[in-house]
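Peer 1: Attaching a predicted model along with its sequence, questions to come.
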Amino acid sequence: MTRTLLAGLLAATLSLPALAQSPQPPLRCAVDGTFAPHAFPDGRGGVQGFQVDMFREVARRLGRELVVDSASFSGLIPALNAGRYDFLCAPVTVTRERAEALLFTEGYLWTALQFGIRRGSAPIRSEEDLRGKTISVNKGTPYEQWVTRNAERLNLTLLAFDTQPDAVQAVMAGRAYANLSGNTVIRYSASRTPLFIADWVLPGTQLHWGAPFRRDSGALRNQVEDVLACMKRDGTLARISERWFGDRPGPEQAENIVFPGYGPPDLPGHDATAQNPTCG
């Protein structure tokens, strides 16, 4: 091989784009893989659902692969803080307590606390209708926290399970009067189980569902939120929502609202810097 040819090959190698030489590592995230329709088994050893479709599209637009692990919800935040994941792609309700410890994206869905009951049970019209009842929940969630906070006042009995299907089954088996969960999950469970019906929504419980990151991951949080903002503007997020929840979200729904700054407004971790993503 001539010296001229060797020099040419060396020059070509040095001129390769940096991305080709050092590709970005996959984004690592985790979900509760029993929380349909947000994430649930796909029959091939993986998971499917709204969360998976949404964050695969986010990763695609960032030019990165997405690796999704499935685990019990109660262990997800500790695993995130231990550095096992870059963020959580599970739907996580943004509370002030959580926002003080984690960084969240703005909401991509509204969530509200809703009860599901067995068909034929007395309907719930107020908190007083819950007095003395047993309520099932998914462990480690705001739904468990609500029952715990109100247990003494309303004489509630808590049944906490590692999976949402088990919490619904407790209602169907008569072990619990009602299951408390997020509105999207209660509606989905009711659509799949004819004897389980979506009932009362707790007033004043509308909150953001956002993606949590560690407090040292502000730059990545902002990158992901920029992509979510673009997906809201071009209708992609609304289309994914319609696929999994059955109806097209209106303009007042979080799938179509780009909130100011980064993170849920008026909560710890919010960055008031104006978003200016390049959407293409």
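Peer 2: Alright, I've got the coordinates. Numbers count the residues shown, from 1 in each chain.
Peer 1: and the helix or strand harbouring Glu242, what other elements does it pack with?
Peer 2: Taking DSSP states H and E as the criterion, Glu242 maps to helix 236-245. With contacts defined as 3 or more CB pairs under 8 Å, 6 or more residues apart in numbering; DSSP states H and E, helix 236-245 has these neighbours: helix 50-62, helix 183-192, helix 218-233. (Glycine included, C-beta is placed from N, CA and C.)
Peer 1: Output it in PDB with nothing but the alpha carbons.
Peer 2: Listed next in PDB are the C-alpha coordinates belonging to helix 236-245 (Å, rounded to 0.1, in the frame of the first residue of the first chain):
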ATOM      1  CA  THR A 236     -48.300  13.500  17.500                       C
ATOM      2  CA  LEU A 237     -49.000  13.300  21.200                       C
ATOM      3  CA  ALA A 238     -52.700  13.700  20.600                       C
ATOM      4  CA  ARG A 239     -52.700  10.900  18.100                       C
ATOM      5  CA  ILE A 240     -50.900   8.600  20.400                       C
ATOM      6  CA  SER A 241     -53.400   9.500  23.100                       C
ATOM      7  CA  GLU A 242     -56.400   8.800  20.800                       C
ATOM      8  CA  ARG A 243     -54.900   5.400  19.900                       C
ATOM      9  CA  TRP A 244     -54.700   4.200  23.500                       C
ATOM     10  CA  PHE A 245     -57.500   6.100  25.300                       C
END
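Peer 1: could the helices and strands packed on helix 236-245 go into JSON lines alongside mean neighbour count and mean pLDDT?
Peer 2: Shown next, in JSON lines, are the helices and strands packed on helix 236-245 (neighbours: other CB atoms under 10 Å; pLDDT from 0 to 100):
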{"stretch": "helix 50-62", "mean neighbour count": "21", "mean pLDDT": "97"}
{"stretch": "helix 183-192", "mean neighbour count": "20", "mean pLDDT": "89"}
{"stretch": "helix 218-233", "mean neighbour count": "20", "mean pLDDT": "97"}
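Peer 1: For Gly132, which of these is the nearest?
Peer 2: Proximity to Gly132 (CB to CB) singles out helix 183-192 among those, at 21.7 Å.
Peer 1: what's the angle between that closest one and helix 236-245?
Peer 2: 40 degrees (axes from the mean of the first three to the mean of the last three CA atoms, to 10 degrees).
Peer 1: List the contacts of helix 183-192.
Peer 2: With CB atoms under 8 Å, 6 or more residues apart in numbering as the contact definition, helix 183-192 has outside contacts at 35-38, 109, 111-116, 164, 168, 179, 181, 196-198, 201, 245-246.
Peer 1: and what of stretch 212-221?
Peer 2: So stretch 212-221 is contacted by 77, 80-81, 83, 86-88, 92, 98, 101-105, 211, 224, 262-263, 269, 271 (CB under 8 Å, 6+ apart).
Peer 1: now swap in stretch 155-162 and tell me
Peer 2: 72-74, 130-139, 144, 147-148, 150-151, 167, 170, 175-176.
Peer 1: ditto for stretch 263-276
Peer 2: Contacts of stretch 263-276 (CB under 8 Å, 6+ apart): 94, 96, 99-100, 102-107, 208, 210, 215, 218, 221-222, 225-226, 229, 258-262.
Peer 1: tell me the phi and psi of Pro264?
Peer 2: For Pro264, the backbone dihedrals (degrees, to the nearest 10) come out as phi -60, psi 130.
Peer 1: nope, Asp86 is what I was after
Peer 2: Dihedral angles (degrees, to the nearest 10) for Asp86: phi -80, psi -30.
Peer 1: where's it relative to Trp146, distance?
Peer 2: 29 Å (CB to CB, to the nearest Å).
Peer 1: More neighbours: the two, which one.
Peer 2: Asp86 (22 against 18; other CB atoms under 10 Å).
Peer 1: so that one touches Arg28, yeah?
Peer 2: Yes - using CB atoms under 8 Å, Asp86 is in contact with Arg28, at 5.0 Å.
Peer 1: Just the endpoints, please. Distance across stretch 245-252?
Peer 2: Start and end residues of stretch 245-252 are separated by 16 Å (CA to CA, to the nearest Å).
Peer 1: average pLDDT across it?
Peer 2: Averaged over stretch 245-252, pLDDT sits at 89.
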